[in-house]
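K.L.:
One predicted model, sequence on top.
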Amino acid sequence: MQTKSQKALSTGIAILVAMVVGFGVESYMKKINGPSSMRTLNKVADEMNKSLPMMVDSETQLTNVIGMDKKFVYNYELIHLDSGNGLIDKISQLKPNMVNADCSTPETRDQFLKNGTTMEYKYYDRNKNYLTAIDILPSDCP
């Protein structure tokens, strides 16, 4: 037979265990359903892909987007350009402007970057050969 103090201790331990387990489940659910989870980013990508491919300028077509865990990938095709002629260097020089754009656009900054999502921009030439990628990290924003 348990004494009152033993019952209180057992009850206290049971409550503590329930709280820890409950917090762990809540934390896990936030992780798998949170704003930077693969599930959430896939839903965003699926919705965006309904209106793709789409020309973003006279040379660049956004072909599709992919939601991954903590990463959102934009795939671009440079429809009139082949690799070579310093094309990769020219694309790489765009990074400062892209960081500025992503960090100053409220939707991208608040819904993606502030929630730990890396924005990745992949570029392919007109023959669908991979050229390069530019990653905008959450830490890139001031």
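P.N.:
Arrived safely, thanks for sending.
K.L.:
Helices along this structure, start to end?
P.N.:
With helices called from DSSP state H, the chain shows them at 4-33, 38-49, 87-92, 95-104, 106-111.
K.L.:
Check these for me: which has the lowest mean pLDDT.
P.N.:
When these are compared by mean pLDDT, helix 4-33 comes last with a mean of 41.
K.L.:
list the contacts for the closest residue to Arg109 other than its chain neighbours?
P.N.:
In space, and not counting its chain neighbours, Arg109 is closest to Cys103: 5.6 Å by CB to CB, 6 or more residues apart in numbering. Backbone N, C-alpha and C define where each C-beta goes, glycine included. By CB atoms under 8 Å, 6 or more residues apart in numbering, Cys103 lies in contact with 109, 113, 136, 140-142.
K.L.:
which residues does the residue lying closest to Met119 once chain neighbours are set aside contact?
P.N.:
The shortest distance from Met119 to any non-neighbouring residue, by CB to CB, 6+ apart, is to Ile136 (4.2 Å). By CB under 8 Å, 6+ apart, the contact set of Ile136 is 95, 98-99, 102-103, 113, 118-121.
K.L.:
Look up how far Asn85 lies from Ile136.
P.N.:
Using CB to CB, to the nearest Å, Ile136 is found at 25 Å from Asn85.
K.L.:
nearest spatial neighbour of the residue nearest the centre of the chain, skipping sequence neighbours?
P.N.:
The geometric centre of the chain, computed from its C-alpha atoms, lies nearest to Lys71 (CA atoms, centre = their mean), at 2.9 Å. Excluding the flanking residues, the one nearest Lys71 by CB to CB, 6+ apart is Thr118, at 4.8 Å.
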